[in-house]
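Undergrad: return a 3D structure for these sequence lines:
(one chain, ligands or ions: 1)
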Amino acid sequence: MNILLETKRLEKTYGTGERAVQALKPLDLQIEEGKFYAVIGRSGSGKSTLLHLLGGLDRPTAGEVIMEGKNLAAFNDREAAIFRRRRIGFVFQAYNLLPEYTAIDNIRMPLYLDQREIDEEYEIMLLKKLRLVGKEKKYPNELSGGEAQRVAIARALIAKPAVVLADEPTGNLDAKSAEEVLQILQGTCRIFHQTLILVTHDLQIARMADEVLTLEDGNLVTGEKQV
Ligand SMILES: Nc1ncnc2c1ncn2[C@@H]1O[C@H](COP(=O)(O)OP(=O)(O)OP(=O)(O)O)[C@@H](O)[C@H]1O
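TA: This next block holds a predicted model:
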């Protein structure tokens, strides 16, 4: 088993003094390469906080996030942004597409920002897998919710990241589109050997995962599949 991502005594407290909220209590976690993890727990249990820390989108109050031998928490903002762009794919509930760019430009944005070449063969494979062929020139407001989320997934995968972090990616979709998007996400991660860490409220989705991480008041209560 290869460990891709590891946390050591990872902690997050928002605010200070009386207003302080300890969103994540010291957490030691090991994420294995190529597996699908579901993160579940009640609202406010710390799921998004954990995902943001794992992806270097936010800084921990204490502790470390180690990926490929590097402590993300020690990066400055610029270093973190570059590392994220190259090694981590994000998918959010709200898609977060740039409205003034076409679908294909949204998808290629991580490569444009890094001045990297487009691997056309891989891009076409992604477009096919995500059923986006023919939608390349459309703007986000011309796409359905399911299509917009599939564009967001293509954008998350275009730089061939080692890990995909998804925060309630199907939260805005109807049941049918949600299932489709999820199957596609799981399928593409499997094909491209990516680790998938997905926050969800949906226990049916969690059952599809290899491992379920359950958070309760900022504590990891189980790493076993018990749903
Ligand atoms: N920016 C912030 N400032 C202050 N408190 C925050 C902030 N973000 C989150 N919190 C608090 O931290 C705790 C954990 O929040 P988090 O968003 O990680 O939970 P969650 O499990 O993802 O919840 P949900 O399922 O509702 O999205 C909550 O008590 C929340 O109110």
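Undergrad: show me the contacts for residue 27.
TA: Contacts for residue 27 (C-beta atoms under 8 Å, 6 or more residues apart in numbering) come out as 7, 9, 10, 11, 50, 63, 219, 220. Bear in mind the C-beta positions are built from the backbone N, C-alpha and C, glycine included.
Undergrad: does it count as helix, strand or coil?
TA: When classified by DSSP: H, G, I helix; E, B strand; the rest coil, residue 27 comes out as strand.
Undergrad: most neighbours out of the contacts of residue 27, which is it?
TA: Greatest neighbour count in the contacts of residue 27, by other C-beta atoms under 10 Å, goes to residue 50: 27 neighbours.
Undergrad: so what does it have for phi and psi?
TA: phi -60, psi -50 (degrees, to the nearest 10).
Undergrad: now do the contacts for it.
TA: Here residue 50 is in contact with 24, 27, 39, 213, 215 (criterion: C-beta under 8 Å, 6+ apart).
Undergrad: mind doing that once more with 7 Å?
TA: 24, 39, 215 (C-beta atoms under 7 Å, 6 or more residues apart in numbering).
Undergrad: closest one of the contacts of residue 27 to residue 93?
TA: Distances from residue 93 to the contacts of residue 27, taken as C-beta to C-beta, are shortest for residue 50 (15.6 Å).
Undergrad: measure that closest one to the ligand for me?
TA: Residue 50 is 7 Å from the ligand, where distance means C-beta to the nearest ligand atom, to the nearest Å.
Undergrad: likewise for residue 187?
TA: To the ligand, residue 187 is 26 Å away according to C-beta to the nearest ligand atom.
Undergrad: can you check residue 48 too?
TA: For residue 48 relative to the ligand (C-beta to the nearest ligand atom), the value is 3 Å.
Undergrad: over to residue 69?
TA: Using C-beta to the nearest ligand atom, we find residue 69 at a distance of 27 Å from the ligand.
Undergrad: what's the answer for residue 102, then?
TA: In terms of C-beta to the nearest ligand atom, residue 102 sits 31 Å off from the ligand.
Undergrad: next, residue 98: secondary structure please.
TA: Going by three-state DSSP: residue 98 is coil.
Undergrad: burial count for it?
TA: Using other C-beta under 10 Å, residue 98 is surrounded by 12 other residues.
Undergrad: got the contact list for the spatially most central residue of the chain?
TA: Nearest to the geometric centre of the chain sits residue 165, at 1.3 Å (C-alpha atoms, centre = their mean). Residues near residue 165 by C-beta under 7 Å, 6+ apart: 51, 54, 55, 88, 90, 197.
Undergrad: can you redo those as a markdown table with pLDDT and neighbour count?
TA: Shown next, in a markdown table, are the contacts of residue 165 (pLDDT from 0 to 100; neighbours: other C-beta atoms under 10 Å):
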| residue | pLDDT | neighbour count |
| --- | --- | --- |
| 51 | 96 | 21 |
| 54 | 95 | 24 |
| 55 | 93 | 25 |
| 88 | 94 | 25 |
| 90 | 93 | 21 |
| 197 | 96 | 25 |
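Undergrad: strands - which of the residues you listed land there?
TA: Among the contacts of residue 165, the residues falling in strands (DSSP state E) are 88, 90, 197.
Undergrad: picking that back up, with adjacent residues omitted, what lies nearest to the residue nearest to the centre of the chain?
TA: Spatial nearest neighbour of residue 165, excluding adjacent residues (C-beta to C-beta, 6 or more residues apart in numbering): residue 55 at 4.7 Å.
Undergrad: dump the residue contacts of that neighbour.
TA: Contacts of residue 55 (C-beta under 7 Å, 6+ apart): 84, 88, 90, 165.
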